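Engineer: the sequence isn't on hand, but the structure is:
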């Protein structure tokens with residue numbers, strides 16, 4: 001929503017000019033600059049700016065050669081405008097925003113786009129491996145927001161700004177939050193029927209049209225090679241509705257001609273693979289685990305995810321969590337490669353420098369030492385798990401603890417002890 005004021009912000013009104021038809025369904029303003037009668041708004045998607053030369057009496061779309069989002073737009077003393085956006089892009093206009101050029105980081109886009117019901121439920125183990133360690137550019141979309149932030153249901157949610165900082169430490173290029181599909185009542189996130197009713201109410205009965213359109217906008221905006229739908233639980237209704245709408249969204253993204261996507265300057269895009277989080281008990285060939293060795297970073301996935309969660313929970317009492325193994329299944333693949341063993345298998349030709357950051361490869365000796373440490377940690381964890389199942393006495397258990405972590409880095413030893421304590425606590429609770 002764009003508003004104007006003529007009295008220093010005392011009162012605000014909607015500008016007289018009408019926006020191009022359908023544009024409000026796909027354009028979200030994030031930054032505005034103005035000088036005399038010139039007004040230019042930018043945001044999501046970065047493929048366009050909204051421009052007026054008569055103080056909002058009329059509006060036009062100017063296309064921009066950019067992907068992702070535009071975070072800030074500013075005007076200089078002359079007719080130049082500058083904008084900065086996702087992937088470190090810097091954009092410039094020499095004619096008051098009528099035409100644009102990219103002067104830095106042009107042509108970049110995401111290799112991976114992950115949908116999550118909440119930013120705190122983003123696939124951290126996957127992002128640690130694929131993005132932070134391998135260098136594949138990634139983006140995360142929180143498709144639904146909790147509208148009433150004073151409700152008890154919202155108290156446990158990670159603030160969006162904290163989540164953004166946490167994901168940035170995994171080298172995630174963008175966290176996008178969609179406003180169109182809110183949750184207003186506790187329990188809606190696990191009830192498809194309630195969620196559909198609420199989203200239809202919020203969209204004036206246009207859910208069937210708008211959900212695929214908004215998802216298609218995200219596909220054309222981030223231009224990912226792989227899309228993943230993450231579930232916060234097996235009963236995540238938000239993830240289920242996104243999965244159901246994704247096929248229609250892919251069709252729109254592949255052929256945006258004559259839609260609001262074309263009005264917003266978005267170009268056609270086809271994704272190569274769609275995957276989804278599998279139920280907790282399902283065995284899958286694609287999986288990510290806290291014990292995974294991150295070879296370029298020289299740490300494990302679990303330790304890196306611990307630091308990310310600490311950032312997300314800034315200001316709260318934080319303790320190391322025990323994350324279960326995350327398994328995924330391929331739903332669709334343009335090459336019919338649905339039985340791959342890694343999320344990116346068979347896509348090497350598409351994972352070019354446009355979607356990949358440079359990473360430092362460690363030498364052979366360093367890799368061998370890291371592999372030795374991880375194998376030691378796995379062996380000790382397996383042994384302790386066996387002792388747990390044998391239900392040894394407390395004295396025997398304490399004696400076993402004296403040798404745990406002796407050959408491990410302190411951070412990895414602490415994580416192992418934390419996991420053990422969680423298992424012990426769960427055993428006592430069940431017993």
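Structural biologist: Right, received. Where do you want to start? Nothing here was measured: the structure is a model prediction, and the numbers come from that model.
Engineer: flag the shaky bits of the stretch 51-200 of the chain, pLDDT-wise.
Structural biologist: 148-158 (pLDDT under 70).
Engineer: mind listing the strands in it by residue range?
Structural biologist: Using DSSP state E, counting those that start in this stretch, the strands of the stretch 51-200 of the chain run over 60-63, 70-75, 81-85, 90-93, 101-104, 112-116, 138-142, 174-177.
Engineer: what bridges to the closest residue to residue 35 other than its chain neighbours?
Structural biologist: Excluding the flanking residues, the one nearest residue 35 by Cβ to Cβ, 6 or more residues apart in numbering is residue 75, at 5.0 Å. Where C-beta positions appear, they are placed from N, C-alpha and C, glycine not excepted. On the basis of DSSP bridges, residue 75 is bridged to residue 81.
Engineer: residue 75 is in contact with residue 38, isn't it?
Structural biologist: Yes - counting by Cβ atoms under 8 Å, residue 75 does reach residue 38; the two are 7.4 Å apart.
Engineer: what are the ranges of the helices in the stretch 51-200 of the chain?
Structural biologist: With DSSP state H, counting those that start in this stretch applied, the stretch 51-200 of the chain shows helices at 124-127, 152-155, 160-168, 192-202, listed in chain order.
Engineer: which of those helices sits most buried?
Structural biologist: Sort the helices of the stretch 51-200 of the chain by mean neighbour count, taking mean count of other Cβ atoms under 10 Å, and helix 124-127 sits at the top with a mean of 25.
Engineer: and the contacts of that one?
Structural biologist: With contact meaning Cβ atoms under 8 Å, 6 or more residues apart in numbering, helix 124-127 is reached by 112, 114, 138, 140, 167, 170, 172, 228, 288-290, 292, 301, 305, 308-309, 323, 326, 328, 343.
Engineer: at 10 Å what do you get?
Structural biologist: Here helix 124-127 makes contact (Cβ atoms under 10 Å, 6 or more residues apart in numbering) with 112, 114, 132-133, 136, 138, 140, 166-167, 170-172, 228, 230, 275, 277, 286-292, 301-302, 304-306, 308-309, 312, 323-326, 328, 343.
Engineer: just the buried members of those residues?
Structural biologist: Buried members of the contacts of helix 124-127, scored by 16 or more other Cβ atoms under 10 Å, are 112, 114, 132-133, 136, 138, 140, 166-167, 170-172, 228, 230, 275, 277, 286-292, 301-302, 304-306, 308-309, 312, 323, 326, 328, 343.
Engineer: let me see the contact set for residue 92.
Structural biologist: If you count contacts by Cβ under 10 Å, 6+ apart, residue 92 has them with 76, 80-83, 99-104.
Engineer: if we go to 6 Å?
Structural biologist: Taking Cβ atoms under 6 Å, 6 or more residues apart in numbering as the criterion, residue 92 is in contact with 82, 101, 103.
Engineer: in CSV, list the residues you listed along with neighbour count.
Structural biologist: Shown next, in CSV, are the contacts of residue 92 (neighbours: other Cβ atoms under 10 Å):
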residue, neighbour count
82, 15
101, 12
103, 11
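Engineer: give me the neighbour count for residue 1.
Structural biologist: 7 (other Cβ atoms under 10 Å).
Engineer: also residue 296?
Structural biologist: Counted with other Cβ under 10 Å, residues neighbouring residue 296 total 14.
Engineer: ok, now how distant is it from residue 133?
Structural biologist: Using Cβ to Cβ, to the nearest Å, we find residue 296 at a distance of 5 Å from residue 133.
Engineer: out of the helices of the stretch 51-200 of the chain, nearest to residue 27?
Structural biologist: Closest approach to residue 27 among those is made by helix 192-202 (18.0 Å; Cβ to Cβ).
Engineer: for the closest one, name the packing helices and strands.
Structural biologist: With contacts defined as 3 or more Cβ pairs under 6 Å, 6 or more residues apart in numbering; DSSP states H and E, helix 192-202 has these neighbours: helix 237-254.
Engineer: give the next helix or strand downstream of the helix it packs on.
Structural biologist: Following helix 237-254 in sequence order, the next helix or strand is helix 260-263 (DSSP states H and E).
Engineer: run the chain-centre distance for that following helix.
Structural biologist: Put simply, helix 260-263 sits 24 Å off its chain's centre (Cα atoms, centre = their mean, to the nearest Å).
Engineer: same check on stretch 183-194?
Structural biologist: In terms of Cα atoms, centre = their mean, the centre of stretch 183-194 is found 22 Å from the chain centre.
Engineer: so residue 279 touches residue 233, yeah?
Structural biologist: No - using Cβ atoms under 6 Å, residue 279 makes no contact with residue 233, being 9.6 Å away.
Engineer: what about stretch 23-32, average pLDDT?
Structural biologist: The pLDDT scores in stretch 23-32 average 94.
Engineer: buried residues in that stretch, which are they?
Structural biologist: 23, 25-29, 31.
Engineer: ok, now stretch 241-255?
Structural biologist: Buried residues in stretch 241-255 (16+ other Cβ under 10 Å): 241-243, 245-246, 248-250, 252-253.
Engineer: just curious, which of those residues is nearest to residue 122?
Structural biologist: Residue 122 has its nearest neighbour among these in residue 242, at 13.8 Å by Cβ to Cβ.
Engineer: so how far is residue 212 from the closest one?
Structural biologist: The gap separating residue 242 from residue 212 is 10 Å, by Cβ to Cβ.
Engineer: same check on residue 141?
Structural biologist: Residue 141 is 14 Å from residue 212, by Cβ to Cβ.
Engineer: so between the two, which is more surrounded?
Structural biologist: Between residue 141 and residue 212, counted using other Cβ under 10 Å, residue 141 has the larger neighbour count: 24 against 20.
Engineer: please consider this matter closed, and thank you.
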